[in-house]
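> Below are the sequence and a predicted model for it; my questions follow.
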Amino acid sequence: MTDSQPSDLLAERREKLERLRQAGVEPFPHGFEGREEIADVTSTHQGLEAGQETDRVHRVAGRITGRRGHGKAAFLDVRDSGGTIQLLMKADVLDPKQFELLDELDLGDFIGVEGRAIATRRGELSLEASGWELLAKSLRPPPDKFHGLEDTETRYRRRELDLIANEETRRIFQVRARTVSSIRRWLDDRGFAEVETPVLQPLYGGALARPFTTHHNALDREFYLRIATELYLKRCVVGGIEKVYELGKDFRNEGISPKHNPEFTMLEWYEAYADYEKTAADLEVLVSDVAEAVLGTTRAGREGQEVDLSPPWKRITLREAIQAESGIDIESETTREGLAAAMGVELEDGVGWGKLVDSLFSKEVEPKLVEPTFVTDYPVELSPFAKAHRTRPGVVERWEAFVGGVEIANSFTELNDPDEQRRRFEQQAAELAGGDEEAQPYDESFIEALEQGMPPTGGVGLGIDRLVMTLAGTSSLREVVLFPAMRD
RNA sequence: GCCCCCGUAGCUCAGCUGGUUAGAGCUGCAGGCUUUUAACCUGUGAGUCGUCGGUUCGAAUCCGACCGGGGGCACCA
């Protein structure tokens, strides 16, 4: 090699690729037999003392994350998904050709190695390589080995680089994977059946949100991406699946924020013969159990805002919560004009009493609900699928759960009176016609299902991304979504 | 949709009251070193300063528009 070679980082790697090929090395072989997980190797030799050598030979494979040359010896760090181990490459142990070809390796390459376990003078467990093979050449340079990758945009757009460079990112998505699997286990163990209902729906419903619209060519008609699984899951309950859940993506055509992504993961479960007291008791146990399973503790949350997720969680009615934080009693201010005046805001067209209550709550109360809290008994205007409260007029049997100032779940005693449901739909349809784009369209087939007869039922929606935020201690939802929505 | 902040080498950053050929560390390349671990030592290469336009003798630096990102507001879960 002379100085006149192109010094471009990509070109360098391609030249190494060619030199390896010319030396008879296949840079992209098909596999590596007899590999052990690095974590297993390190735990096998945990007690090894500095300078101690063994005769145990291991085969490991992974990505080269560090390299320290030493003339007639070299150290490589190799990482697989569960651990990292140091390799000692010595000129007097390796085949001369293999030792020479080490020069053609780069940070980021995948190699497979065989070597005996030793502990170096500094006490680091290492494999003294007797042979190595290239498993895949990396043709692009990895992010800075010390500073990692910090640019937020690159981290989200090229999440693979973020995962390579940042231990914390790998941890977060491990938390996410364990959270999802332990939620499924929790529900499965209690006899819930997981189902899959349509993502493409002829009519959207089950939440107050604007949908994405798409087109089916063969049928030549519009479909909506679901905003919730609610209505289909209740039809499952009508059909006799008494404990049912679905864990999957919903899509809402709303803005993007640290708490919102247009596609997000939602768990909904429904249990026949249960009510919102039962669902609240279940949720606090589920979240607490999941935290214990995933983190080994029920304490979680962001730095400086750690909370204890163990039950029982605090319970407060919406009215009390609002009164405590704002001094406004929503049972006294029962007109939109009166409430707007009490809040000191301009009354805009199309903003009803319910929306005012909602905005009052979001502004004044929600950010302060750091400790796990159930807020109960919502106005009927905001809850078209919830059953009226058994004793309190004007409110429904509904709660929302908050942790760290973020809503993580929503639940009600489900409305199962088809005639009442029809009236609620009519109300929603009127608001939709009146310009409220988040109101519900009328769904006759759902009404027919209720007319078939649905047992008293409790249902819950749990935002998985937001729960993972809490468990992983992140302040942005985008940190727990592998590939968050981006422009272009 | 509105407001504020940001965009300099593959990565992490400096330079920004306008003024020689835009700097550093890591990465890369050449060389040295048989126990290092952010290895070290010597030498060396690498940039449409987000894009386009404007002001100016002169723009990474000042102004405008656009693109992309972050945060906040609005809206939602």
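Structure's in. What do you need?

> Model confidence score at the residue of the stretch 301-450 of chain A found nearest RNA strand B, please.
In the stretch 301-450 of chain A, no residue comes nearer to RNA strand B than A:Glu407, which is 3.3 Å away by Cβ to the nearest atom of the strand. Any C-beta I mention is one placed from the backbone N, CA and C, and that applies to glycine too. Note for A:Glu407: predicted pLDDT of 93.

> What is the burial count for it?
When neighbours are counted by other Cβ atoms under 10 Å, A:Glu407 registers 16.

> which residues of chain A fall in helices?
For chain A, applying DSSP state H gives helices covering A:9-22, A:38-44, A:96-101, A:152-157, A:159-165, A:167-189, A:230-238, A:276-295, A:318-326, A:336-343, A:353-360, A:418-433, A:444-452, A:464-472.

> rewinding a little: where's the residue of the stretch 301-450 of chain A closest to RNA strand B relative to A:Val287, distance?
The spacing between A:Glu407 and A:Val287, counted by Cβ to Cβ, to the nearest Å, is 13 Å.

> and the nearest residue to the residue of the stretch 301-450 of chain A closest to RNA strand B once chain neighbours are set aside, what does it touch?
By the measure of Cβ to Cβ, 6 or more residues apart in numbering, the closest residue to A:Glu407 outside its immediate chain neighbours is A:Glu400, 5.4 Å from it. Contacts for A:Glu400 (Cβ atoms under 8 Å, 6 or more residues apart in numbering) come out as A:374-375, A:378, A:407, A:409-411.

> List the buried residues for stretch A:119-127?
Buried residues in stretch A:119-127, counting neighbours by 16 or more other Cβ atoms under 10 Å, are found at A:119-120, A:125-127.

> Identify, from these, the entry nearest to RNA strand B.
A:Thr120 (2.6 Å).

> Can you tell me, leaving aside adjacent residues, what's nearest to the closest one?
A:Ser126 is the one closest to A:Thr120 (Cβ to Cβ, 6+ apart), at 5.5 Å.

> do the same with A:Pro29
Counting by Cβ to Cβ, 6+ apart, the residue nearest A:Pro29 is A:Leu135, at 6.3 Å.

> Return the residues of the stretch 151-300 of chain A in contact with RNA strand B.
A:151-154, A:156, A:207-209, A:252, A:254-255, A:257-262, A:264 (Cβ under 7 Å from any atom of the strand).

> how about 10 Å then?
Proximity of the stretch 151-300 of chain A to RNA strand B, by Cβ under 10 Å from any atom of the strand, involves residues A:151-158, A:161-162, A:165-166, A:206-210, A:227-228, A:249-266.

> Which of the contacts of A:Glu400 ranks first by neighbour count?
Counting neighbours by other Cβ under 10 Å, the top entry in these is A:Ser411, with 28 neighbours.

> Identify the bridge partners of that residue.
Counting by DSSP bridges, A:Ser411 is bridged to A:Trp399, A:Val460.

> ok, now which ones touch it?
Contacts of A:Ser411 (Cβ under 8 Å, 6+ apart): A:276, A:279-280, A:283, A:398-401, A:458-461.

> I'd like those as a markdown table, with pLDDT and distance to A:Arg336 appended.
Shown next, in a markdown table, are those (pLDDT from 0 to 100; distance: Cβ to Cβ, whole Å):
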| residue | pLDDT | distance to A:Arg336 |
| --- | --- | --- |
| A:Tyr276 | 97 | 27 |
| A:Thr279 | 97 | 31 |
| A:Ala280 | 97 | 30 |
| A:Leu283 | 98 | 32 |
| A:Arg398 | 96 | 21 |
| A:Trp399 | 96 | 24 |
| A:Glu400 | 96 | 22 |
| A:Ala401 | 96 | 28 |
| A:Gly458 | 97 | 31 |
| A:Gly459 | 97 | 29 |
| A:Val460 | 97 | 30 |
| A:Gly461 | 96 | 28 |
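
> Return the closest of those with respect to A:Phe173.
For the contacts of A:Ser411, the closest approach to A:Phe173 (Cβ to Cβ) belongs to A:Gly461, at 22.9 Å.

> what comes up buried for stretch A:183-195?
Quick answer for stretch A:183-195 (16+ other Cβ under 10 Å): A:183, A:186-187, A:192.

> Could you tell me the end-to-end distance of it?
15 Å (Cα to Cα, to the nearest Å).

> Against RNA strand B, which of the buried residues of stretch A:119-127 make the cut? List them.
Near RNA strand B, judged by Cβ under 10 Å from any atom of the strand, the entries from these are A:119-120, A:125-126.

> Just the closest of these to A:Gly344, please.
Set against A:Gly344, the nearest of those by Cβ to Cβ is A:Leu125 (66.4 Å).

> The closest one pairs with what?
Counting by DSSP bridges, A:Leu125 is bridged to A:Ala119.
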